[in-house]
Each structure stands twice: as structure tokens, then as C-alpha cells.
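Asker: I'll drop the sequence and a predicted model, then ask my questions.
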Amino acid sequence: MARTARRLRTGPLRRRTLLLGSAAAAVGAAATTGCARVASGDVLDRLRSQGTVRLGIAGEVPYGYVDERGEFTGEAPELARVVFKRLGVDRIQPVATDFASLIPGLNSQQFDVVSAGMYITKERCAQVIFSDPEYQMLDSFVVRKGNPKNLRSYEDVVRARARFATGTGYAQIDHAVAAGYPEKDIVILQDQVAGLNAVESGRVDVFAGTALTTREVVRKSARAEATAPFAAVMDGEKTIDGGGFAFRPTDTELRDAFNAEIHKMKKSGELFRILRPFGFTEAEMTTLTAEELCR
């Protein structure tokens with residue numbers, strides 16, 4: 001996807017969106033229970049000294065999750081494992097939480113870094129600082145085999161008056177509403193697996209997600225398929241998202257050191273080799289920066 005096809009957005013909802021009300025409540029709870037630890041000194045030196053970095057994980061395939069063997073994996077934890085080892089921190093300690101608790105948990109010292117493939121948005125950039133994104137992503141639909149309603153864009157969904165579903169907090173809510181789909185009519189499901197089940201059973205006509213999650217979830221389905229990736233249109237312009245690691249606003253030196261390693265891995269092709277087993281394509285590697293996505 002050409003960089004000229006993207007638009008940096010300021011809409012209220014994003015895929016795996018931080019729910020600001022929940023975030024505020026979680027921050028308040030952390031403060032009142034006294035569970036927050038006060039950081040002191042250089043955080044990278046501290047991590048090197050203790051030999052472990054705590055990663056905030058949201059339990060979402062393929063970004064960060066527990067596999068069938070009970071082990072934490074995903075594109076973000078595996079990438080973090082490599083980068084932090086090169087920074088002198090030998091062990092990662094994933095801390096599982098729900099997505100809405102990631103930024104509050106980071107800022108209340110429950111973990112050191114958010115490692116969940118989090119989309120970089122203007123709203124989140126007001127609360128944390130991001131590494132440059134490790135990937136960029138377009139949208140796609142899960143539809144019945146043969147795509148009987150010919151649904152290839154949000155505008156198609158509106159014209160066909162299709163029964164539309166997406167996931168909790170997904171940016172695809174925002175994308176559908178921008179195309180004219182009534183928000184009150186959107187069916188909100190837990191995740192892409194629930195979306196696949198809903199399409200296969202005929203409860204909905206289409207489930208919207210990222211190109212990565214839709215193509216992976218339909219891989220073994222005999223009754224559903226994923227549409228070709230496409231850029232949603234917001235305010236008349238095509239959009240593209242990027243996901244990265246989140247750090248506390250005070251931890252700029254740690255973020256910068258992490259970024260330096262990410263840039264080396266992009267240049268050498270190692271980043272793609274790490275992400276490829278989780279379903280990413282070479283077209284989803286990116287030269288976008290966090291600064292661009294934060295605008």
C-alpha cells in the first residue's frame with residue numbers, strides 16, 4: 001500500500017481501541033489501591049539490572065496471546081524478546097490483561113512496555129509514547145463463500161443493507177459509521193472467531209476486521225472467505241493504520257533505544273522474518289513513523 005494512500009485520523013474509535021472511561025477508572029483504581037510503583041533512575045539500566053522486562057499483553061491472536069501449549073507468543077512478544085535481549089535484558093515477563101487496561105497498567109507501573117501490536121492514534125499519543133510501527137494494516141471482510149452480496153467496501157455494506165458485525169472497540173466501527181452505516185445497527189462481537197461463526201451461521205452477512213485477522217480466521221473454513229484488503233475511506237480520504245510498542249511518557253531513552261533496534265531490523269529484513277510466521281505479508285511492513293500517526 002503506497003504511503004500516499006494513508007490518512008492520519010482523529011476519529012474517536014480505533015481497532016482494539018482504548019476505552020477512555022475504562023482507562024480512567026483503572027487508573028483511579030490503581031492509584032487508590034497503591035499498586036503503582038514509582039519509577040526511579042534510568043529505566044533501561046533498571047531493566048538490565050533486574051534482567052527482566054514486563055510486557056503488557058492483551059491476549060489477541062496474532063499480536064500477543066497464550067498458545068495451545070500454554071506459552072506466551074505472538075508477533076509483539078517475539079519481537080520484544082529479540083530487541084530487549086540486544087538491549088541487555090535477557091528475559092521477558094508477559095502480563096496478561098484486557099486491552100482497555102493496557103495504557104492504565106503501563107502508566108501505573110504494572111508493566112514496563114505495552115507489547116500488543118497497539119494501533120498508534122492521536123488519542124493514545126496524548127497518554128503514552130510509541131515506537132515507530134512494526135507493521136501497517138488495511139481492512140478486510142469475512143463473508144460467505146462466493147461473497148453473494150458482493151461486499152468489498154463499507155459503501156457496499158451500506159448499499160446492500162447488509163447485516164454488519166465487527167469486534168469490540170475495533171476501528172472498523174468508525175469506518176462503517178463514516179460510510180453511513182447506522183452505529184445502532186452494528187452487531188458487536190467478541191473477536192474474529194465469533195465473527196466467523198456469525199457469518200457461517202447466517203446471523204450476519206459480513207464481519208469486518210484487519211486484513212491479517214480475517215485471512216487467518218477463514219483459513220480452515222469451508223463456508224466463509226476473506227475479501228481482498230482495502231483502505232477504508234474517512235472524510236473522503238483513504239486510511240491506513242500502524243501498530244507499535246507503547247512506553248510511559250517519561251521513558252523516552254528506552255523508547256529511543258528500542259526504536260534504534262527496530263530500524264536496524266527493518267533495514268536488514270529481520271523484522272519481516274520474525275513477523276511472517278504470524279501471518280504478516282511483506283506488503284504490511286512499513287516505513288511510517290509514530291510521529292506521522294500521532295498527528
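Answerer: Done, it's in.
Asker: And the closest residue to Thr210 other than its chain neighbours, how close does it get to Val114?
Answerer: The shortest distance from Thr210 to any non-neighbouring residue, by C-beta to C-beta, 6 or more residues apart in numbering, is to Met137 (4.8 Å). The C-beta positions use only the backbone N, C-alpha and C, and glycine is treated the same way. Met137 sits 17 Å away from Val114, taking C-beta to C-beta, to the nearest Å as the criterion.
Asker: Look at these two and report which has more neighbours.
Answerer: Val114 (29 against 24; other C-beta atoms under 10 Å).
Asker: Show me which residues of stretch 198-218 are buried.
Answerer: By 16 or more other C-beta atoms under 10 Å, the buried positions in stretch 198-218 come out as 198-200, 204-218.
Asker: Now, those residues that are in strands?
Answerer: Of the positions in these, 206-210 sit in strands, assigned by DSSP state E.
Asker: so which of those comes closest to Gly74?
Answerer: Proximity of these to Gly74 (C-beta to C-beta) peaks at Thr210, which lies at 14.2 Å.
Asker: what pairs with the closest one across the strands?
Answerer: On the basis of DSSP bridges, Thr210 is bridged to Asp139.
Asker: so what's it scoring on pLDDT?
Answerer: Thr210 carries a pLDDT value of 92.
Asker: Now for it: which residues touch it?
Answerer: Contacts for Thr210 (C-beta atoms under 8 Å, 6 or more residues apart in numbering) come out as 15, 137-140, 241.
Asker: which among those residues gets closest to Gly180?
Answerer: Among the contacts of Thr210, and counting by C-beta to C-beta, the member closest to Gly180 is Asp139, at 15.9 Å.
Asker: count of residues packed around Ala48?
Answerer: Heads up, residue 48 is Arg, not Ala. Around Arg48 there are 16 residues (other C-beta under 10 Å).
Asker: Spell out, range by range, the helices that occur in this protein.
Answerer: 20-33, 43-50, 75-86, 102-107, 122-125, 154-160, 171-178, 192-201, 211-217, 252-268, 270-275, 290-294 (DSSP state H).
Asker: Among those, which comes closest to Lys184?
Answerer: Among those, if distance is taken as C-beta to C-beta, the winner is helix 171-178, at 10.0 Å.
Asker: And the closest one, what does it pack against?
Answerer: helix 154-160, strand 164-167, strand 206-210, strand 233-234 (3 or more C-beta pairs under 8 Å, 6 or more residues apart in numbering; DSSP states H and E).
Asker: Give me whichever of those is most buried.
Answerer: strand 206-210 (a mean of 29; mean count of other C-beta atoms under 10 Å).
Asker: What is the burial count for Asn107?
Answerer: 20.
Asker: just checking, it touches Arg124?
Answerer: No: the criterion here is C-beta atoms under 8 Å, and Asn107 misses it with Arg124 at 11.5 Å.
Asker: Any regions of this structure where pLDDT drops low?
Answerer: 1-41 (pLDDT under 70).
Asker: residues contacting the nearest residue to Tyr63 once chain neighbours are set aside?
Answerer: If the residues on either side of it in the chain are set aside, Tyr63 comes closest to Gly117, at 3.4 Å by C-beta to C-beta, 6+ apart. For Gly117, the contact set (C-beta under 8 Å, 6+ apart) comprises 16, 60, 63-64, 74-76, 134-135, 243-244.
Asker: any idea how far Gly117 lies from Arg223?
Answerer: Gly117 is 28 Å from Arg223, by C-beta to C-beta.
Asker: Equivalent analysis for Asn259, please.
Answerer: Applying C-beta to C-beta to Asn259 and Arg223 gives a distance of 43 Å.
Asker: Between these two, point out the one with more neighbours.
Answerer: More crowded of Asn259 and Arg223, by other C-beta under 10 Å: Asn259, with 19 against 12.
Asker: Tell me how many other residues surround the residue lying closest to the more buried one once chain neighbours are set aside.
Answerer: Of all residues not flanking Asn259 in the chain, Ser131 sits nearest, at 5.2 Å (C-beta to C-beta, 6+ apart). Ser131: 26 surrounding residues under other C-beta under 10 Å.
Asker: Just to check, Ser131 is in contact with His263?
Answerer: No: between Ser131 and His263 there is no contact under C-beta under 8 Å: 9.7 Å.
Asker: quick one on the thing from earlier: out of the helices of the chain, nearest to Glu68?
Answerer: helix 192-201 (14.2 Å).
Asker: circling back to that earlier point, want to try JSON lines for the contacts of Thr210, with distance to Thr97 as columns?
Answerer: Converted to JSON lines, the contacts of Thr210 look like this (distance: C-beta to C-beta, whole Å):
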{"residue": "Arg15", "distance to Thr97": "18"}
{"residue": "Met137", "distance to Thr97": "22"}
{"residue": "Leu138", "distance to Thr97": "27"}
{"residue": "Asp139", "distance to Thr97": "26"}
{"residue": "Ser140", "distance to Thr97": "27"}
{"residue": "Asp241", "distance to Thr97": "22"}
